[in-house]
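Participant: When you get a sec, could you give me coordinates for this:
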Amino acid sequence: LLMLSDNELYNRYLTFNRYGIKNKNFRVGFSEAVIVTYTNWGSEEIRYLMPANVMLEAEANGSTNSNLIWLIDGMAKWDQNTIYTEILIDDFAVDGKSPPQVAVSLGLGKKYNNLMLNIEYARINRWTGNYCDKAFNKAFIEKNVPIGHLMGSDAHQFIFSTHYIINKKINIESSLILL
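Facilitator: Model prediction:
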């Protein structure tokens, strides 16, 4: 639990939970973060300290100003190959009154001796990660849409990268990013 405060009128707290299974060649995980704005500390705010996956978030429907973020990730390695993915769910409205705020990335890597090659695709839907609160007037805006990522809203990105290991202390890395 992390307590945050901008001034005497608005207080916030941030809490994280992480669950996962991991070994040398496989990983699957579930992470969640909740940020809550409050004026007075009470039972409405305390309920968000519980793992968020045991409740339905009501933020979009006018209750406590909070933001729930879920991240599902996975990775598998075999031979000299690696595949990985992440799915970020930021305010998925059960009632459908706001658009799904989802981001996804999928990557594939291949190792050849000291050279590693990687290709990754990322997609961020509109509004994902905007974290704007009109009371704080802290929002990044692109095309009149609050955003939370440098890629912007409704963005796609391909990343091609290489990592060459010369020795234990020297590496050469390069990447090409296409938006």
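
Participant: Just the buried residues of stretch 29-39, please?
Facilitator: Of the residues in stretch 29-39, 30-38 count as buried by neighbour count, 16 or more other Cβ atoms under 10 Å. C-beta: built from backbone N, CA, C; applies to glycine.

Participant: count of residues packed around the closest residue in space to Ile177 that isn't next to it in sequence?
Facilitator: Excluding the flanking residues, the one nearest Ile177 by Cβ to Cβ, 6 or more residues apart in numbering is Ile159, at 5.2 Å. Residues within reach of Ile159, counting by other Cβ atoms under 10 Å, total 15.

Participant: Ile159 reaches Glu120, doesn't it?
Facilitator: Yes: counting by Cβ atoms under 8 Å, Glu120 is a contact partner of Ile159 at 4.5 Å.

Participant: Quick check: pLDDT value at Leu68.
Facilitator: Per-residue pLDDT puts Leu68 at 74.

Participant: again with the one 10 residues further on
Facilitator: According to the per-residue confidence, Trp78 scores 94 in pLDDT.

Participant: any weak-confidence spans in the chain?
Facilitator: Along the chain, the model assigns pLDDT under 70 to residues 1-10, 43-66, 91-100, 126-153.

Participant: All the strands of it, in order from the start?
Facilitator: Shown for the chain, the strands assigned by DSSP state E span residues 2-5, 11-22, 26-38, 66-78, 81-90, 102-112, 115-124, 140-142, 145-147, 155-165, 171-178.

Participant: picking that back up, from the buried residues of stretch 29-39, pick the one nearest Lys111.
Facilitator: Ser31 (26.8 Å; Cβ to Cβ).

Participant: check contacts around that closest one.
Facilitator: Shown in contact with Ser31 (Cβ atoms under 8 Å, 6 or more residues apart in numbering): 16-19, 70-71, 73.

Participant: export the residues you listed to CSV and tack on distance to Ile172 and neighbour count?
Facilitator: As requested, the contacts of Ser31 are exported to CSV (distance: Cβ to Cβ, whole Å; neighbours: other Cβ atoms under 10 Å):
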residue, distance to Ile172, neighbour count
Phe16, 35, 11
Asn17, 38, 15
Arg18, 33, 10
Tyr19, 37, 11
Trp70, 36, 20
Leu71, 31, 16
Asp73, 28, 16
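
Participant: Reformat those as a markdown table; add distance to Thr82.
Facilitator: Shown next, in a markdown table, are the contacts of Ser31 (distance: Cβ to Cβ, whole Å):
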| residue | distance to Thr82 |
| --- | --- |
| Phe16 | 26 |
| Asn17 | 26 |
| Arg18 | 21 |
| Tyr19 | 22 |
| Trp70 | 23 |
| Leu71 | 19 |
| Asp73 | 13 |
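
Participant: count of neighbours near Gly109?
Facilitator: 18.

Participant: Now do the contacts for it.
Facilitator: Gly109 makes contact with 81-84, 116-119, according to Cβ under 8 Å, 6+ apart.
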